[in-house]
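**Student:** predicted model and sequence follow; I will ask about them next.
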Amino acid sequence: MESCRFYPWLFARPLPSDQPSEALADYVFMSNLASQQITGSMQASTTGRATIHQLVPGPESEAVLACVTDTPDTDAPGDPQISRCPSTGWPIADAADHGDATVVPRGRTHGWVLVCFPAIDDTGVATLSPELDVDHLPLPGDPGPVDGSTAAVADALVAAGERLAEVNGRTTAICSEYLPLSPAPGDRWLGERLSRRGYTRALSEKVWLVPLESARRAARSLPALPAGYRLVSFANALDQSDTAVTEGLCRLFDHFAADAPHGGLPSTPGPCTPSRLAESDRRAAQSGIGIATAVIVDSTGSPVAAAVAHKATDTAQAAELTSLIVDPAHRGSGFGAAVSAGLVLAVADWWPTVTGLWATVADGNQPVIDYLTGAGATARAGIDTWMRQLDDKR
């Protein structure tokens with residue numbers, strides 16, 4: 001397998017209303033299998049619909065999906081006409097289902113790589129997310145070393161992702177490796193291959209799971225807010241007519257972008273604006289993603305703390321805590337715990353299928369870790385994020 005030649009394919013951009021092709025469904029299945037294997041939870045999953053919408057370009061970012069196969073893309077009689085990407089020359093398969101006319105990658109698919117390009121923040125960066133086919137995934141706890149088919153396919157996927165980054169004008173590649181809490185050498189298959197390609201580890205995080213019921217009990221035991229402060233919550237869309245809230249949230253998100261631990265990763269955030277918030281709400285509604293936002297405002301109606309959660313589908317059993325922000329002047333006074341409690345109670349009321357909240361927190365971010373453990377959270381996985389400058393030709 002190490003000497004096997006791999007052939008990259010690119011997936012065509014779908015429309016928001018499209019149904020996923022069988023080839024895209026295979027990618028979603030393998031992505032979910034890997035996440036569930038690492039976290040030990042069936043709640044760690046995405047959907048074909050969410051992936052379709054991820055591949056639809058938006059003002060914040062765009063993403064492309066590629067795969068590698070073991071068979072040349074030579075047309076066979078009766079096959080749909082294959083088109084090619086002008087910048088790479090790679091053949092293009094369909095992410096959407098077009099019936100008998102659907103173009104599928106030739107041969108056996110050995111893995112996929114999703115490449116995301118931020119359009120406002122960190123515009124020199126591409127993020128690579130490789131996924132191996134099940135036959136190449138090391139068994140959990142494998143003592144290693146990483147070699148054979150795992151190494152060969154991982155190298156091919158990262159190389160494909162880097163090629164896409166370069167033709168899209170990106171100078172930095174970032175790749176995150178999801179790990180069990182006590183990884184064996186074989187669990188570090190991706191990091192080992194990235195290190196060989198000249199990547200350096202830039203940030204370490206943990207993935208936490210908060211049982212919603214224990215978080216609700218902790219929320220109800222918190223003291224009342226100080227006089228002059230109140231909690232407001234928004235389901236799915238903010239009230240854009242409340243300019244004090246939207247403009248104040250923009251200030252908080254700017255603080256979050258500047259203060260969040262980045263390790264050695266580049267951080268060049270663009271400013272948050274009410275139009276960015278409105279566009280985010282619109283895109284989420286279009287893709288069926290639920291948003292819950294809790295905000296603590298002062299006597300002038302200006303936000304001093306905010307917490308946001310996202311839910312991938314109507315029937316999802318877990319949501320993700322994506323933001324927890326406190327204005328610098330109000331830190332250390334319990335506003336973080338209070339706004340998190342407000343979010344937990346809102347999620348419990350609005351999303352009856354949800355039984356837990358995922359949260360990704362940088363190692364050493366003790367205030368957030370203390371809140372999560374106080375709410376009954378347990379760490380379920382680790383994330384190591386690696387970085388390489390693409391003009392480094394090692």
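**Tutor:** Yes, it's here.
**Student:** what strand or helix carries Trp112?
**Tutor:** Trp112 belongs to strand 109-118 when elements are defined using DSSP states H and E.
**Student:** so which residue is dead centre in this structure?
**Tutor:** Averaging the C-alpha coordinates of the chain gives a centre point, and the residue nearest to it by Cα atoms, centre = their mean is Ser129 (9.3 Å).
**Student:** and that residue, how far from Gly336?
**Tutor:** Here the distance between Ser129 and Gly336 works out to 30 Å (Cβ to Cβ, to the nearest Å). Any C-beta I mention is one placed from the backbone N, CA and C, and that applies to glycine too.
**Student:** the strand holding Trp112 packs against which elements?
**Tutor:** Using 3 or more Cβ pairs under 8 Å, 6 or more residues apart in numbering; DSSP states H and E as the contact test, the elements touching strand 109-118 are helix 22-39, strand 61-69, strand 125-132, helix 148-167.
**Student:** for the second one, packing partners?
**Tutor:** It stands for strand 61-69. Strand 61-69 makes packing contacts with strand 7-11, helix 22-39, strand 109-118, helix 148-167 when contacts are defined by 3+ Cβ pairs under 8 Å, 6+ apart.
**Student:** which residues sit against the last one?
**Tutor:** Taking Cβ atoms under 8 Å, 6 or more residues apart in numbering as the criterion, the residues outside helix 148-167 that touch it are 1-2, 4, 6, 8, 10, 64, 66, 68, 87-88, 110-113, 115, 117, 126, 128, 130-133, 135-138, 146, 173, 175, 189-190, 192-194, 197, 390.
**Student:** on that earlier part again, confidence score at the residue nearest to the centre of the chain?
**Tutor:** Ser129 carries a pLDDT score of 95 in this model.
**Student:** now what about the lowest-mean-pLDDT helix or strand in the chain, what contacts it?
**Tutor:** Each helix and strand of the chain was given a mean pLDDT (mean pLDDT, DSSP states H and E); the minimum falls on helix 48-54 at a mean of 82. Helix 48-54 has contacts (Cβ under 8 Å, 6+ apart) with 14, 16, 18-20, 24-25, 27-28, 63, 65, 95-96, 114, 283, 286-289, 312-313.
**Student:** just the buried members of these?
**Tutor:** Of all those considered here, the ones buried according to neighbour count by 16 or more other Cβ atoms under 10 Å are 14, 18, 20, 24-25, 27-28, 63, 65, 95-96, 114, 283, 287-289, 312-313.
**Student:** report the beta-bridge partners for the closest residue to the residue nearest to the centre of the chain other than its chain neighbours.
**Tutor:** Counting by Cβ to Cβ, 6 or more residues apart in numbering, the nearest residue to Ser129 once its immediate chain neighbours are dropped is Leu114, at 4.3 Å. On the basis of DSSP bridges, Leu114 is bridged to Leu65, Ser129.
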